[in-house]
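1. Coordinates for the following, if possible.
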Amino acid sequence: TSTGALNLGSGTVTGNLVANSNGGAISQAGGLTVTGTAGITAGNNTITLTQATNDFQGAVTLSNSGANNVAISDGTGGLILATSGVGSGTLAVVSTGGGITQTGALTQAAGAGATSFNAGANAITLTQANDFTGAVALTGGVTQITDANALILGALATGDLTATSTGALNLGSGTVTGNL
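-> Predicted structure coming up:
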């Protein structure tokens, strides 16, 4: 916990990580390995955890507010997102070492910016009652995405794609190399 900007540095956390900046930006100086869950809370500020050598082994909760961007990358074994609420900035999630999955819903604030999920050739499975308010770009293998309301997809580069929405569904543009 800090009272301003929080730089997580680099290294290994054996167990759970709770990072709360009380409204300051959260960033890092080098790769992080977290063997347990990670709770990242920046209040009305940005979260930038984009080192290619990150390894979040447990579920990651992301929380911020306002027009502040969130970006997270995992280079080893995939990325699991826990129930999270983010502001109206952009959201960028990258996993080069495995798929992107979730254990709880992801909610963006109204009027949010673009969202992107990039798992390379790996699966993207986002089937909770999510609420994406900006356009969602998807790059991955077999991809499943659910929105509890309207869903606007952006650029697509996926294998099989299953998109579920209880409101309007805009399929965006791009390439789906499998079934739609």
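2. Just the element for the residue positioned nearest the centre of the chain, please.
-> Nearest to the mean C-alpha position of the chain, by CA atoms, centre = their mean, lies residue 93 at 4.0 Å. Using DSSP states H and E, residue 93 falls within strand 91-95.
3. What are the contacting residues of that strand?
-> Applying CB atoms under 8 Å, 6 or more residues apart in numbering, the contact partners of strand 91-95 are 50, 69-75, 78-79, 81, 100, 108, 112-120, 122, 134. Bear in mind the C-beta positions are built from the backbone N, C-alpha and C, glycine included.
4. Flag every buried residue along stretch 35-47.
-> 37-43, 45-47 (16 or more other CB atoms under 10 Å).
5. average pLDDT for that stretch?
-> Averaging pLDDT along stretch 35-47 yields 97.
6. what's the spacing between it and its chain's center?
-> 11 Å (CA atoms, centre = their mean, to the nearest Å).
7. if we look at that stretch, which residues are touching it?
-> Counting by CB under 8 Å, 6+ apart, 5-6, 12-27, 49, 56-66, 68-72, 82, 87, 89 sit against stretch 35-47.
8. Try it again at 6 Å.
-> Contact with stretch 35-47 is made by 14-21, 23-26, 56-66, 68-70, as judged by CB atoms under 6 Å, 6 or more residues apart in numbering.
9. would you turn the buried residues of stretch 35-47 into JSON lines with secondary structure?
-> Formatted as JSON lines, the buried residues of stretch 35-47 follow (DSSP: H, G, I helix; E, B strand; the rest coil):
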{"residue": "37", "secondary structure": "coil"}
{"residue": "38", "secondary structure": "strand"}
{"residue": "39", "secondary structure": "strand"}
{"residue": "40", "secondary structure": "strand"}
{"residue": "41", "secondary structure": "strand"}
{"residue": "42", "secondary structure": "coil"}
{"residue": "43", "secondary structure": "coil"}
{"residue": "45", "secondary structure": "coil"}
{"residue": "46", "secondary structure": "coil"}
{"residue": "47", "secondary structure": "strand"}
